[in-house]
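Novice: sequence isn't available, so here's the structure alone:
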Ligand code: HEC
């Protein structure tokens, strides 16, 4: 599958942030299936901390509220892990997916539809 970029990005190398984001999307994908099949959660993705420092594609600028969106994402991830054995698992998972989308609305609209597909209905 070819992943569409956020913005026009011809012949640009894949940035560390993009690589991390692809892993994050795969994480959501797997986790959505785990929820549907009542399977245990994946090991806590410590590598997602790199969101704080990973370099963006050259020329891309984070939004003014970049740090707040990161905090929101990290808090949502922690909440999800706190609730994985409760009936709230699906709703905290959806909040995690929403935390991705909130940042993307301001920084990178391209992949929003692909991220939204992971919402648990
Ligand atoms: C703090 C803001 C922020 C959050 C939170 C965030 N993203 Fe991103 N995302 C970005 C930015 C900025 C890019 C562009 C990165 C670049 O080009 O270097 C990106 C790129 C992507 C891409 C495209 C990667 C590619 O192929 O180039 C995907 C897919 C993606 N994000 C998925 C997610 C998912 C899934 C989550 C939540 C688990 C998430 N993002 C959370 C800001 C964010």
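Specialist: Sure, I can see it. Keep in mind that this is a model prediction, so the values were computed, not measured.

Novice: so what's residue 82 up against?
Specialist: By Cβ atoms under 8 Å, 6 or more residues apart in numbering, the residues touching residue 82 are residue 92. From N, CA and C alone the C-beta is placed, and that goes for glycine too.

Novice: show me what counts as buried in the longest helix seen in the chain.
Specialist: Counting by DSSP state H, the longest helix found in the chain is helix 16-36. By neighbour count with 16 or more other Cβ atoms under 10 Å, helix 16-36 contains the buried residues 17, 18, 20, 21, 24, 25, 27, 28, 31, 32, 34, 35.

Novice: what's next to that helix, contact-wise?
Specialist: With Cβ under 8 Å, 6+ apart as the criterion, helix 16-36 contacts 3, 5, 39-42, 45, 47-48, 50-51, 54-57, 89-90, 93, 96-97, 100, 111, 114-115, 118, 120.

Novice: which of those are buried?
Specialist: Members of these classed as buried by 16+ other Cβ under 10 Å are 5, 41, 48, 51, 56-57, 89, 93, 96-97, 100, 111, 115, 118.
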